[in-house]
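**Q** Just need the structure, nothing else, for what follows:
(2 chains)
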Amino acid sequence: MEPSLRTIQDKVSAGGRLSEEDALALFLSRDVHAVGEMADLANRRVNGDRVYFIVNRHINPTNICVNRCKFCAFSKGREEPLAYTMTMDEILSRAEEARFQNATELHIVGGLHPDLPFDFYLRMLRALRERFPEMHIQAFTAVEIDYFSRITGLPLEEVIRQLKDAGLGSLPGGGAEIFDPEIRNRICPEKITGDRWLEIMEAVHNAGLRSNATMLYGHVETLASRVDHMRRLRDLQDRTGGFQSFIPLAFHPKNTEIAKGYTSGLTDLLTLAVGRIYLDNFRHVKSFWIMVGPKVAQVSLHFGVNDIDGTVVEERITHAAGARTEQEMTVAELVTLIRQAGRIPVERDTLYNVVREWPEDSA
Amino acid sequence: MTPSAPWRDALEGAAEGQATVGEAALLLREAPLFDLGRAADSVRRRLHPDGVVTYIVDRNINYTNICTCQCSFCAFFREKGDPGAYVLSDAELSRKIEETLEAGGTQVLLQGGLHPEWDLADAVRLTRAVKRHPVRLHGFSPPEIWHFANRSGVTIAEAISRLKEAGLDSIPGGGAEILDDAVRARISPRKVTWEQWAAVMREAHRQGLPTSATMMFGSVESPEHVASHLVRIRELQEETNGFTSFIPWTFQPGNTLLSRDPRFGETLPSGLGHAVGYLRVLSVARLVLQNVRTVQVSWVTMGAKVAQLGLFFGGNDYGSTMMEENVVASAGVAFRMSEEEIVATIRDAGFRPMKREAHRCST
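**A** The predicted structure is shown next:
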């Protein structure tokens, strides 16, 4: 083993906390086996052999967005040919399909639409909650929450309170990208700052809502900026405990303004593994199969990951940027993928309650 | 796991290069992924201490898809007269070779179906047609050579000698599938037996033609069959020392008869035909076949990401740019890699990429 890894391994074995230097050393390491084993240990100590998935449905109500992040291939101007905004009926019919597939979650994020009023989103939440009370609504990144506050002039806490009252169940972790201001300014100058993202998440957690946390990697960020990003997440999590899972997101280059290739398998797995080891106060680390592909997602179950997201059904954001995956995986496919990796598939709901276990002999 | 876990003893024994079928099967079933990977990696480093990972720029040319063999795992074959059945014309063959040379290619991998009307004279004609160009010819897997010899009523020795005389440089290890006649009876009943496959290779080696060896797993075989395949290759290599490389890959079920066999579906969760299983098989192959210098990863079936990871699980060769690939693509799997991507992927993993010229055969 590389000597620098030994002391880190000792810390991990003892359940100690890693420094930022440790995390950087793990990123720089090519001792894939040692890093993988540490991540696997850190994960299984908490989650055992269980690997979670969810039966969910993504809905992206609009791709019209006032921001133009350079890594994004999804956002469009109002007049652009591919711009779209779903009607309330279109949103409800997608939720209807989700119910038909026994989904437990609706995952709803969209662009910062220049005209849709805050009331549209409240009405959407109320309509969904009324018609589909059995489905949890996970919606709106911190970026959208900030936007609602700006277009209404309402304080953050009030925006969150109204959304929660209307049926919002939890928040996804998007819009975090990379917190480092210098990098952030290069890839998404119009987006809220990293500090603001964290401030919003703190308010969300204080309002009693859970959220996830993401990190976009594989563009122009440095390894140090990845570590800095995770440090800020770990600090906030120490204060609120409101984050459920850490979800590294692999940058996809097609139709974006960033000239880079796809991330490598090694980069994907190291990022997941280091996230698992460093973020000792996060219970779950998720690899999003839409982004890394089902094969890497399966291998990642040995690199500290205990969640492979869900059935998804319709994915627009990553596919606009050249995702090389399908739109959907069936429950049977997810179960097989997890079992083949030697783990126990567990269907969860949004808040990680067990919906159904899939032991060895079940179909 | 206790220090006396049986897989531990098997792994220690396997490090010496003489694992038995039982030991190799135990490793495939029970050894933890990273223990296997670390052991395979140390064999790889001993055989290739310079950190070089090789690749080749060549083209895969399939002269016909008309085939009497009609294996149930194959989506490529057609019967004569079927829509989509083809035989490459001399002009098309020449054009493909010209393109290969223009792209900096040094080798052609020529393989095809077992055409019911073709005999050795046709194979010799094809060989001469290729060798009119300044290109290395890696061609005709054992089932093809057997077919040509059989149709012409000559011995295998005679067939190989005439092909060699016409310019054949080396023989690909295709058609090995799983070297076990019970498995072959289920997935490729009309194909040469395992001993016939071995007989062609033995004769090729005797006449000084280097060959590769392959293995297609993840269909209906057990870990014992995989283990026995590896040991059979090792024993043949002890006898002839003519294998330059070993290339395992996974069965691709799309559009195949076998995928519709319910018995195949039942074996799916316990089989090895997936990304984690692939890394296990690759590692055990590296451990068992220490007398074969090169183990090649398969980006064609596993994708660039898992193939890259394979370099830490025993692989020291990244294969070929292919330029065109028809057989796996028929099963609906179409990963693509340019030379630049291959080089970048090898570098990203911390290895030194080196383009193979005409000195070692592949694929």
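**Q** any idea how far stretch B:27-43 is from the chain center?
**A** Relative to the centre of its chain, stretch B:27-43 is centred 21 Å away, using CA atoms, centre = their mean, to the nearest Å.
**Q** List the buried residues for it?
**A** B:27-28, B:30-41, B:43 (16 or more other CB atoms under 10 Å in any protein chain shown). The way it works is simple: take the backbone N, C-alpha and C, and place the C-beta from them, glycine included.
**Q** Skip the chain neighbours and tell me the closest residue to A:Gly174.
**A** A:Thr141 (3.8 Å; CB to CB, 6 or more residues apart in numbering or on different chains).
**Q** Grab the nearest non-local neighbour of A:Val335.
**A** In space, A:Val335 is closest to A:Pro345, 4.5 Å off (CB to CB, 6+ apart).
**Q** Give me the neighbour count for the one you found.
**A** 23 (other CB atoms under 10 Å in any protein chain shown).
**Q** do the same with B:Leu257
**A** B:Leu257 sits with 15 neighbouring residues when counted by other CB under 10 Å.
**Q** And the one 4 residues further on, by the same measure?
**A** The local packing of B:Asp261 (other CB under 10 Å) involves 17 other residues.
**Q** Mind checking what secondary structure A:Gly304 has?
**A** coil (DSSP: H, G, I helix; E, B strand; the rest coil).
**Q** I'd like the distance between the residue nearest to A:Gly174 and A:Asp10.
**A** 38 Å (CB to CB, to the nearest Å).
**Q** Which one of the two is surrounded by more residues?
**A** A:Thr141 (25 against 10).
**Q** coming back round to it: wait, doesn't the residue nearest to A:Gly174 sit right on A:Lys191?
**A** No - counting by CB atoms under 8 Å, A:Thr141 stays clear of A:Lys191, with 9.9 Å between them.
**Q** so what sits against both of the two?
**A** Each of A:Gly175 lies in contact with both A:Thr141 and A:Lys191 under the rule CB atoms under 8 Å, 6 or more residues apart in numbering or on different chains.
**Q** Let me see the ranges of the helices in the stretch 1-150 of chain A.
**A** A:3-13, A:20-28, A:32-47, A:88-100, A:118-131, A:142-152 (DSSP state H, counting those that start in this stretch).
**Q** ok and the fourth one relative to helix A:118-131, angle-wise?
**A** Here helix A:88-100 points in a direction 30 degrees away from that of helix A:118-131 (axes from the mean of the first three to the mean of the last three CA atoms, to 10 degrees).
**Q** now helix A:88-100, how far from the chain's geometric center?
**A** Centroid displacement of helix A:88-100 relative to its chain, using CA atoms, centre = their mean, is 22 Å.
**Q** Remind me what it packs against, helices and strands.
**A** strand A:56-59, helix A:118-131 (3 or more CB pairs under 8 Å, 6 or more residues apart in numbering or on different chains; DSSP states H and E).
**Q** Tell me the buried residues in that helix?
**A** Quick answer for helix A:88-100 (16+ other CB under 10 Å): A:Ile91, A:Leu92, A:Arg94, A:Ala95, A:Ala98.
**Q** Pull the residues that contact whichever strand or helix holds B:Gly319.
**A** Assigned by DSSP states H and E, B:Gly319 belongs to strand B:317-320. With contact meaning CB under 8 Å, 6+ apart, strand B:317-320 is reached by B:53-58, B:60, B:107, B:109, B:245, B:247, B:294-300, B:307, B:311, B:342, B:345-346, B:353, B:356, B:362-363.
**Q** so how far is it off the chain centroid?
**A** On the basis of CA atoms, centre = their mean, strand B:317-320 sits 11 Å off its chain's mean C-alpha point.
**Q** residues in the stretch 251-363 of chain B within reach of chain A, list them.
**A** When proximity is defined as CB under 8 Å from any CB of the partner chain, the stretch 251-363 of chain B approaches chain A at B:268-269, B:271, B:274-277, B:279, B:302-309, B:312, B:341, B:344-345, B:348-350.
**Q** I'd assumed A:Glu37 was in contact with A:Ile8.
**A** No - under the criterion of CB under 8 Å, A:Ile8 is not in contact with A:Glu37, lying 11.5 Å apart.
**Q** Let me know whether the lengthiest helix in chain B sits next to chain A.
**A** The residue-count maximum for a helix in chain B (DSSP state H) belongs to helix B:223-240. No - on the criterion CB under 8 Å from any CB, helix B:223-240 is out of touch with chain A, staying 13.3 Å away.
**Q** list the buried ones in that helix?
**A** B:223-234, B:236-237, B:240.
**Q** for those, which one is nearest B:Ser170?
**A** B:Thr240 (13.7 Å; CB to CB).
**Q** which residues touch that closest one?
**A** B:Met201, B:Arg202, B:His205, B:Arg206.
**Q** how many neighbours does A:Thr263 have?
**A** By the criterion of other CB under 10 Å, A:Thr263 has 23 neighbours.
**Q** And it, how far from B:Leu309?
**A** A:Thr263 is 13 Å from B:Leu309, where distance means CB to CB.
**Q** rewinding a little: please tabulate the helices and strands packed on helix A:88-100 in JSON lines, including the columns mean neighbour count, mean pLDDT and distance to A:Asn47.
**A** Below are those laid out as JSON lines (neighbours: other CB atoms under 10 Å in any protein chain shown; pLDDT from 0 to 100; distance: least, CB to CB, whole Å):
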{"stretch": "strand A:56-59", "mean neighbour count": "24", "mean pLDDT": "93", "distance to A:Asn47": "20"}
{"stretch": "helix A:118-131", "mean neighbour count": "17", "mean pLDDT": "98", "distance to A:Asn47": "31"}
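**Q** could these be laid out in CSV, adding distance to A:Ala14?
**A** Shown next, in CSV, are the helices and strands packed on helix A:88-100 (distance: least, CB to CB, whole Å):
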stretch, distance to A:Ala14
strand A:56-59, 37
helix A:118-131, 45
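**Q** Which of the ones you listed sits closest to chain B?
**A** Chain B lies closest to strand A:56-59 among the helices and strands packed on helix A:88-100, at 23.0 Å (CB to the nearest CB).
**Q** and the closest one, how far out from the chain's middle?
**A** Centroid displacement of strand A:56-59 relative to its chain, using CA atoms, centre = their mean, is 13 Å.
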